[in-house]
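Enquirer: Quick one, structure for this:
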Amino acid sequence: MTSAQPTAHVGPSPTVSDPIHHTSCAFERDGENLWVHCWLEPGAHLPEHFHPTLEERWEMLDGTIQLKLDGRWRCLTAEDGPVRVAPGVRHELRNPSVRPARARTEVLPAGHLEEFLTESAQAASDGLFTARGLPTSPRNAVWVAAFAQRHRHETVMTYPAPALQRIILPLLARFAR
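Expert: Numbers count the residues shown, from 1 in each chain. Take a look at the predicted model:
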């Protein structure tokens, strides 16, 4: 009897699930870049945000989502092909349909987006914040502030307003130390 040999990992990593935003993601490195494979349940919503230093290229693989780019909503289907989200452009995604949707985005360069999404999904599972990104307790406010401060060079949520975040988050993050 022979034991099974371990196999090399090919393709995306195991998924991380975010029960607040109703999404799951898997990650696949491609040199300095990253592929994020996304499953958006009916009602899924990724709140408006922007990436100061990262570019994303979103494309649908199955289903339809709504993508808001710089204040304008549009439907995105597989027939549309990749849609570029330049650094600094505000964007959000939602799946208002009754069917799950599957998408992927290429992130150039990868930066720390995988860590951001993984930590965020874990925090959502732990109930640290609401769907609007607001902390559920004072202790969780300190965690959210420290998390946002760590990732501020790559991912910025637009609620509360970034100008307000620049004032409040560093003050709150000090309590995390």
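Enquirer: Assess the claim that Ser125 and Asp18 are in contact.
Expert: Yes: with contact taken as Cβ atoms under 8 Å, Ser125 and Asp18 are classed as touching, separated by 7.5 Å. For every residue, glycine as well, the C-beta is placed using N, CA and C.
Enquirer: Who has more neighbours out of those two?
Expert: It is Asp18, of Ser125 and Asp18, that has more neighbours when counted by other Cβ atoms under 10 Å, with 20 against 13.
Enquirer: mind listing what the more buried one touches?
Expert: Applying Cβ atoms under 8 Å, 6 or more residues apart in numbering to Asp18 gives the contacts 24-25, 117, 120-121, 124-125.
Enquirer: Can you add pLDDT, secondary structure and distance to Ala161 and give the residues you listed back as TSV?
Expert: As requested, the contacts of Asp18 are exported to TSV (pLDDT from 0 to 100; DSSP: H, G, I helix; E, B strand; the rest coil; distance: Cβ to Cβ, whole Å):
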residue	pLDDT	secondary structure	distance to Ala161
Ser24	96	strand	29
Cys25	97	strand	27
Leu117	97	helix	23
Ser120	96	helix	20
Ala121	97	helix	25
Ala124	96	helix	22
Ser125	96	helix	27
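Enquirer: mind putting these in CSV, distance to Leu169 included?
Expert: Formatted as CSV, the contacts of Asp18 follow (distance: Cβ to Cβ, whole Å):
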residue, distance to Leu169
Ser24, 27
Cys25, 24
Leu117, 19
Ser120, 15
Ala121, 20
Ala124, 19
Ser125, 22
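Enquirer: Produce a ChimeraX select command limited to the buried residues of those.
Expert: Buried subset of these, written as a ChimeraX selection, criterion 16 or more other Cβ atoms under 10 Å:
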select :24,25,117,120,121,124
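Enquirer: Which one of the contacts of Asp18 is nearest to Leu67?
Expert: Ranked by distance to Leu67 (Cβ to Cβ), the contacts of Asp18 are led by Cys25 at 16.3 Å.
Enquirer: distance of that closest one from Pro14?
Expert: According to Cβ to Cβ, to the nearest Å, Cys25 and Pro14 sit 10 Å apart.
Enquirer: Packing partners of the helix or strand of the chain with the lowest mean pLDDT?
Expert: Across the helices and strands of the chain, mean confidence by mean pLDDT, DSSP states H and E is lowest for helix 162-173: a mean of 91. Counting contacts by 3 or more Cβ pairs under 8 Å, 6 or more residues apart in numbering; DSSP states H and E, helix 162-173 is packed against helix 138-151, strand 156-157.
Enquirer: Show me which residues of it are buried.
Expert: Neighbour counts over helix 162-173 (16+ other Cβ under 10 Å) mark 165, 169, 172-173 as buried.
Enquirer: What are the neighbouring residues in contact with the residue nearest the centre of the chain?
Expert: The chain has Leu117 as the residue nearest its centroid, 4.9 Å off, counting by Cα atoms, centre = their mean. Residues near Leu117 by Cβ under 8 Å, 6+ apart: 16, 18, 25, 27, 36.
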